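S.K.: Here is my input; please provide its structure:
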Amino acid sequence: MSDIVSNSKARRDYHILEVIEAGICLRGTEIKSLRDGRAQINDAFARVDNGEVYLYNAHIDEYSKGSWTNHDPKAPRKLLLNKSEIRKLQGFLSQKGNALIPLSLYWKNRKVKVALALAKGKVEYDKREDIRERETERMLRRVTMHKFKHNERQ
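M.R.: Numbers count the residues shown, from 1 in each chain. I've put the predicted structure just below:
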């Protein structure tokens, strides 16, 4: 499994509760653009419409060597899931503050898959707490490395 593109904002802005894998319906020029790594999903989200799940705001660049058969870069793309998974997602999304966010697009057995996160939006103070934890961890690492280097000199 190699990532084509990943969503850098997802883990910062959301609490990830669960990750599921979904297939995605793509056209030929979309696949060729993805092989070139020309996509971004930072603002993308998924939603259940009429019993089917669609990925919105995922930008896959037009294929450079494509002609009139090229695709629309911002078109909604159907995600392939079982009915039971779709029902589970509908129940999850019906609760306030929950979202379905793509974490990454990746290759699996020569097919493109989407890692979808069942996520809950973070509040501003959650983000500050995460930053504080990272800073504390970084300071501890610096102190232990400094002590380690100091002990080596003696």
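
S.K.: For the residue nearest the centre of the chain, which three-state class applies?
M.R.: Centroid-nearest residue in the chain, with Cα atoms, centre = their mean: L103, separated by 1.4 Å. Classification of L103 by DSSP: H, G, I helix; E, B strand; the rest coil places it in strand.

S.K.: if I look at it, how far off is R87?
M.R.: Distance from L103 to R87, counting by Cβ to Cβ, to the nearest Å: 22 Å. Where you see a C-beta, it was placed from the backbone N, CA and C, and this is true even at glycine.

S.K.: what packs against whichever strand or helix holds K88?
M.R.: According to DSSP states H and E, K88 maps onto helix 83-93. Contacts defined by 3 or more Cβ pairs under 8 Å, 6 or more residues apart in numbering; DSSP states H and E place helix 83-93 against strand 45-49, strand 52-56, strand 98-108.

S.K.: what comes into contact with the last one?
M.R.: Contact partners of strand 98-108, identified using Cβ atoms under 8 Å, 6 or more residues apart in numbering, comprise 1-7, 10-11, 14, 16, 19, 21, 24, 34, 39, 41, 44-47, 53, 55, 58, 89, 92-93, 112-121.

S.K.: just the buried members of the residues you listed?
M.R.: 4-7, 10-11, 14, 24, 34, 39, 41, 44-46, 53, 55, 58, 89, 92-93, 112-120 (16 or more other Cβ atoms under 10 Å).

S.K.: Just the ones in helices from the contacts of strand 98-108, please.
M.R.: Counted as lying in helices by DSSP state H, out of the contacts of strand 98-108, are A10, R11, L34, L89, F92, L93.

S.K.: on that earlier part again, JSON lines for the helices and strands packed on helix 83-93, including mean pLDDT and distance to R141?
M.R.: Shown next, in JSON lines, are those (pLDDT from 0 to 100; distance: least, Cβ to Cβ, whole Å):
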{"stretch": "strand 45-49", "mean pLDDT": "89", "distance to R141": "35"}
{"stretch": "strand 52-56", "mean pLDDT": "91", "distance to R141": "38"}
{"stretch": "strand 98-108", "mean pLDDT": "89", "distance to R141": "26"}
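
S.K.: which stretch among these comes nearest E129?
M.R.: Distance to E129, taken as Cβ to Cβ, is lowest for strand 98-108 among the helices and strands packed on helix 83-93, at 19.9 Å.
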